[in-house]
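**Student:** curious how this folds, go ahead:
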Amino acid sequence: METWTIAAIATVVVVAVPGVALALPGLYSPNASAAASPKRCIQTAYYNAQKYCFSVERPVTNASQAPIASSQVMYLVTYPQPNSQCSGDLSSCKPQTLPSGCMPQCDPCVQEAPSVYHDHILGGLPSSGDNGTWVIVVVAFAPSFSSQPKFSPFTSSQALTAAESSGDFARINKNGPNPYVIQTRNVLLSRVTPVA
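**Tutor:** As a prediction, the model looks like this:
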């Protein structure tokens, strides 16, 4: 069951049609810039154990190597769906509290199906100002790890990459150079600010 969910997440994130809005509609909507204000937090992400607000100004699907190489990484850290409660009818998706008491940042974000439960971890911040670009990299928690009573989510890219080979993540890219990650060609031009 978790294998299907992880494969579906990878498919939605990786398969994007050029010229069409990113396959993660919750991260982008045509009115996202208009809806965003300095006081409204659209989505949250972790960077070095601190929370940041971000809003996607423009997605780039199937980006060429140059924008990918010049972008920071945004990890989309997916959680297994409990009891497939969201399959089929997305209106049945309910907030998820893990056995540890933790809740995902997107809890749920049904507009981002099938990746309705996930966290965002930024690999870096813009060198100046609050606008930058991030390439999406997908990882998925192993159900045996995220369901532990003492589970705590990763809040930095350093902690995440250090834990890749320790059994904390599912193998979602069997034929890739790193079986624990899927490097997408989706780049987000986003505004990022610290949570006040």
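**Student:** tell me where this structure has strands.
**Tutor:** 43-47, 50-60, 72-78, 118-122, 131-140, 182-194 (DSSP state E).
**Student:** wait, which of those strands is closest to residue 94?
**Tutor:** Of all the strands of the chain, strand 118-122 sits nearest to residue 94, with 15.5 Å by Cβ to Cβ. Yep, even glycine has a C-beta here, placed from its N, CA and C like the rest.
**Student:** list the contacts of the spatially most central residue of the chain.
**Tutor:** Central residue of the chain (Cα atoms, centre = their mean): residue 76, 2.1 Å from the mean position. Residue 76 makes contacts with 13, 24, 115, 118, 119, 120, 136, 137, 138, 139, as judged by Cβ atoms under 8 Å, 6 or more residues apart in numbering.
**Student:** right, and residue 93 touches residue 108 too?
**Tutor:** Yes - contact criterion Cβ atoms under 8 Å: residue 93 and residue 108 qualify, at 4.1 Å.
**Student:** low pLDDT regions in the protein?
**Tutor:** For the chain, the stretches with pLDDT under 70 are 1-39, 82-88.
**Student:** compare residue 93 and residue 108 and say which is more crowded by neighbours.
**Tutor:** residue 108 (23 against 18; other Cβ atoms under 10 Å).
**Student:** quick one: that one from residue 129, how far?
**Tutor:** As judged by Cβ to Cβ, to the nearest Å, residue 108 and residue 129 stand 32 Å apart.
**Student:** all set, thanks.
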